[in-house]
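1. below are the sequence and a predicted model for it; my questions follow.
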Amino acid sequence: MSAPTSLGTVMTSKAVRARDVTPNRRRGGDLRVLLGPATAGATSGFLGTVRLEPAEFVAEHLHPYSEEFLYVVSGTVTVRIEGEPVELAADEGVLVPIGQRHRVENSGDVPAHLVFHCAPLAPDPKLGHVDTEELPNPGLPHTPVGGGR
């Protein structure tokens with residue numbers, strides 16, 4: 001499906017299945033960017049999923065150019081924003097403001113599944129994410145969100 005943009009160019013819609021996206025496990029959990037510049041040609045942000053086993057976490061980080069929206073599909077998590085805990089259960093969400101450190105922890109005894117969205121995009125993919133604690137899996141490969149921007 002194509003749609004005109006305000007600049008008169010035509011964008012094409014693209015469906016992406018989570019199972020077709022290679023997981024990023026460097027920062028903890030199973031993170032998959034479904035809709036972003038590299039996967040769907042997005043120009044304003046990116047959306048993905050994260051799955052966390054009990055006691056698993058996504059290491060603390062910040063986004064200097066983007067807000068992050070987190071929505072819990074199932075399970076329970078603690079999102080630490082600037083060190084302050086925010087407890088979330090299924091069908092609850094939180095907004096992480098631009099530049100604020102945050103960490104996501106599965107605080108329950110069952111797997112947790114979340115959807116995240118970050119926008120706007122950083123001017124360069126290398127500038128979009130700053131790690132602020134040691135990564136649980138630093139030797140694993142990292143798939144940049146930006147792709148061909």
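-> The structure has been received and is ready for your questions.

2. middle-most residue in the chain, spatially?
-> Relative to the mean C-alpha position of the chain, the nearest C-alpha, by CA atoms, centre = their mean, is the one of residue 116, at 4.6 Å.

3. just the strands in the chain please.
-> For the chain, the strands defined by DSSP state E occupy 2-4, 10-12, 30-35, 46-52, 57-62, 67-74, 76-81, 84-89, 92-96, 102-106, 112-119, 130-131.

4. what packs against the last one?
-> Under the contact definition 3 or more CB pairs under 8 Å, 6 or more residues apart in numbering; DSSP states H and E, strand 130-131 sits against strand 57-62. To be clear about C-beta, it is placed using only N, CA and C from the backbone, and glycine gets the same treatment.

5. now the angle between strand 76-81 and the strand it packs on, please.
-> Taking axes from the mean of the first three to the mean of the last three CA atoms, to 10 degrees, one finds strand 57-62 and strand 76-81 inclined to each other by 20 degrees.

6. run a quick neighbour tally on the closest residue to residue 142 other than its chain neighbours.
-> In this structure, residue 142 finds its nearest non-sequential neighbour in residue 26, 5.2 Å apart by CB to CB, 6 or more residues apart in numbering. A total of 19 residues lie near residue 26 under the criterion other CB atoms under 10 Å.
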